[in-house]
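[1] my questions concern the predicted model and sequence given below.
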Amino acid sequence: MSDLQPPDDGVRRYRPGPLMILGTLGLIALTWFLYSIIRDKQVVTPKPIAESKSIIAEIREPAPPPPPPHPIIGKRRIFLADGSLYRTRELTFTRGLSTQHDFPVAVLLKDDPCLWDFQPVEGKEEVYRILCADENYPDELGKNLTYTRLKNDPLIGDEETLDDQPPYLTLRNDDRCEWEVRKMPHQNQYELYCRLGSDPFLGQSLGWMAEQEDLKYEVVTATLGQNGNPSWWILPPDQKPAPPRLVTHLIITPRGEPEDLDKARGHFKEHGAGIFEVEFETAEDTFTRSAGGEDFAKLVRKLRGKDPVLEHDDFPPLLQLDLTRDPTDATLFPLVIPLNIALPAGGIRELTFKNTEFYLNTWENLENFQGRLDESDASDGRIFKGEKFIYLFVAPGQ
């Protein structure tokens, strides 16, 4: 065979070596690595759906600004919201009332509207100066609602401090007083505290009292540190609080378990609900009513959806009572006493139980009725908490 003839059939084949194969694979891997880095930098990671919706909502509806530190600004009227005899009376003032001084005296009256200007105190949240803003009284316009504890004594020609009795609230220019207006959970109800003054009245709440000394005639005066921490309605000039709801029935439920209740139930089953009598004293009359005469179950059905006392925590739990029971059986509580009249609970001055025939004399004389009526919106001033029992005034017809 000559050198010009190939040793095979003339077909040439390429057979790469091991180094060529490894180099090619490394080049492919390096290319993929660089591509991944470039792609990750260009692609934005999607946010969760909830977060995206929140961002969209912020763009469409900006977040509301935080509530102002002084929610009450400008002219308002002030009414007593406490569940007492003087509920809904308005804070106003009168001259020539006190024998101690000739300043106007702040009082609570029914039909004497007065405007007050609430001016925020800078740097103090919920703290105000309260000024007379009623143009019907030009001599008092712009004066501060404050208090006085001084008495002019003509015998010694000097002033005597009266720290041993509640102060009068007055209108003055030369004695500023700052008031903290503390919002209550109930709508438009507030507590007011004196935040500028001296002991013992610094920090005391705006209150009221009757039968105060050194008055020329009987009137309810505003003062500090009386009747606990009563709440007040602070309303725009054209608004008044709703009148008190009338009551037609009294429901009585025990606070805890009365002693020897089993014996009491037996005597109650024998004699019936008529042995329980309640005496009511109002401004015009005194009258007595007996328990019974209406089924508790029927009364509750009439009350549903009509009387807010039903939602109060002290109302007898309906799920624990048999609403089909006979009202004269030995269950005893709750007792229902029809009043046979309709009147506001605040019109009742005193409430007394008369139960001389009861087997165990566990009832109580209900003293300080006006001062202990519940002032919350849920009760509307119609719940009295005694030492042993709770008394709920209701009105199914409203």
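    On my side now, so go ahead. These numbers come from a predicted model, not from an experiment.
[2] end to end, how far does stretch 227-236 reach?
    End-to-end span of stretch 227-236 (CA to CA, to the nearest Å): 26 Å.
[3] could you give the separation of that stretch from the chain centroid?
    From the chain centre to the centre of stretch 227-236 is a distance of 10 Å (CA atoms, centre = their mean, to the nearest Å).
[4] next, the buried residues of it.
    By 16 or more other CB atoms under 10 Å, the buried positions in stretch 227-236 come out as 227, 229-234. In short, each C-beta sits where N, CA and C put it, glycine included.
[5] so which of those are in strands?
    If you go by DSSP state E, the buried residues of stretch 227-236 have 232-234 in strands.
[6] pLDDT for those residues - can I get that in TSV?
    What follows is those, written out as TSV (pLDDT from 0 to 100):
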residue	pLDDT
W232	92
W233	92
I234	94
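[7] for the residues you listed, which one is nearest E125?
    I234 (16.2 Å; CB to CB).
[8] got the contact list for the residue nearest to P120 when sequence neighbours are not counted?
    Leaving aside its chain neighbours, P120 sits nearest to H70 (3.8 Å; criterion: CB to CB, 6 or more residues apart in numbering). Counting by CB atoms under 8 Å, 6 or more residues apart in numbering, H70 makes contact with 118, 120, 125-126, 128.
[9] which residue ranges of this structure form helices?
    Counting by DSSP state H, the segments of the chain that form helices are 18-42, 49-60, 261-271, 296-303.
[10] where among the ones you listed is average confidence lowest?
    The weakest mean pLDDT among those belongs to helix 49-60, with a mean of 59.
[11] for K385, list the residues it contacts.
    Applying CB under 8 Å, 6+ apart to K385 gives the contacts 255, 314, 372, 374, 391.
[12] swap in V107?
    The contact partners of V107, by CB under 8 Å, 6+ apart, come to 91-94, 97, 219-222.
[13] tell me the pLDDT of it.
    V107 carries a pLDDT score of 91 in this model.
[14] that one pairs with what?
    Taking DSSP bridges as the rule, V107 bridges to T92, T221.
[15] how far away is it from R301?
    Taking CB to CB, to the nearest Å as the measure, V107 falls 44 Å from R301.
[16] any idea how far the spatially closest residue to D314 that is not a sequence neighbour is from P316?
    Among residues not flanking D314 along the chain, I390 sits closest, at 5.0 Å (CB to CB, 6+ apart). Using CB to CB, we find I390 at a distance of 9 Å from P316.
[17] joint contacts of these two?
    Common neighbours of I390 and P316 (CB under 8 Å, 6+ apart) are T253.
[18] picking that back up, quick one, which of the contacts of H70 are buried?
    Here, 16+ other CB under 10 Å leaves 118, 120, 126, 128 buried among these.
[19] in contact with L392, which residues?
    By CB under 8 Å, 6+ apart, the neighbours of L392 are 250-253, 309, 312, 314-315, 379, 382-383.
[20] gap between the two ends of stretch 193-208?
    For stretch 193-208, the end-to-end distance is 13 Å (CA to CA).
[21] in that stretch, what counts as buried?
    Across stretch 193-208, burial judged by 16+ other CB under 10 Å covers 193-197, 201, 204-208.
[22] buried residues in stretch 385-392?
    Residues 386, 389-392 are the ones in stretch 385-392 that count as buried (16+ other CB under 10 Å).
[23] pick the one among those closest to A242.
    Nearest to A242 among the buried residues of stretch 385-392: L392, at 19.3 Å, using CB to CB.
[24] in strands only, show me the contacts of K385.
    Per DSSP E, the contacts of K385 map to strands at Y391.
[25] mark which of the contacts of K385 are buried, thanks.
    By 16+ other CB under 10 Å, those give 314, 372, 374, 391 as buried.
[26] who touches the first one in this structure?
    Residues in contact with D314 (CB under 8 Å, 6+ apart) are 253, 374, 379, 383, 385, 390, 392.
[27] if we use 10 Å, what do you get?
    By CB atoms under 10 Å, 6 or more residues apart in numbering, the residues touching D314 are 251, 253, 255, 374, 378-379, 383, 385, 390-392.
[28] thinking A378 is in contact with G83, fair?
    No. A378 lies out of contact with G83 (CB atoms under 10 Å); the separation is 11.2 Å.
[29] ok, those two, which is more surrounded?
    Taking A378 and G83 together and counting by other CB atoms under 10 Å, G83 has the greater number of neighbours (24 against 17).
[30] what's the burial count for the closest residue to that one other than its chain neighbours?
    For G83, ignoring the flanking residues on the chain, the nearest one in space by CB to CB, 6+ apart is G381 at 2.9 Å. For G381, the count of nearby residues is 24 (other CB under 10 Å).
[31] ok, G381 - contacts?
    Taking CB under 10 Å, 6+ apart as the criterion, G381 is in contact with 81-85, 87-88, 244-245, 344-346, 370, 373-375, 393.
[32] and these, which of them are in strands?
    Counting by DSSP E, the part of the contacts of G381 found in strands is 344, 393.
[33] can you say which of the contacts of G381 are buried?
    Neighbour counting over the contacts of G381 (16+ other CB under 10 Å) leaves 81-85, 87-88, 244-245, 344-346, 370, 373-375, 393 as the buried ones.
[34] so, low pLDDT: which residues of the stretch 151-300 of the chain?
    Residues of the stretch 151-300 of the chain that meet the criterion pLDDT under 70 lie in 151-165, 186-187, 197-200, 212-217, 258-261, 271-274, 293.
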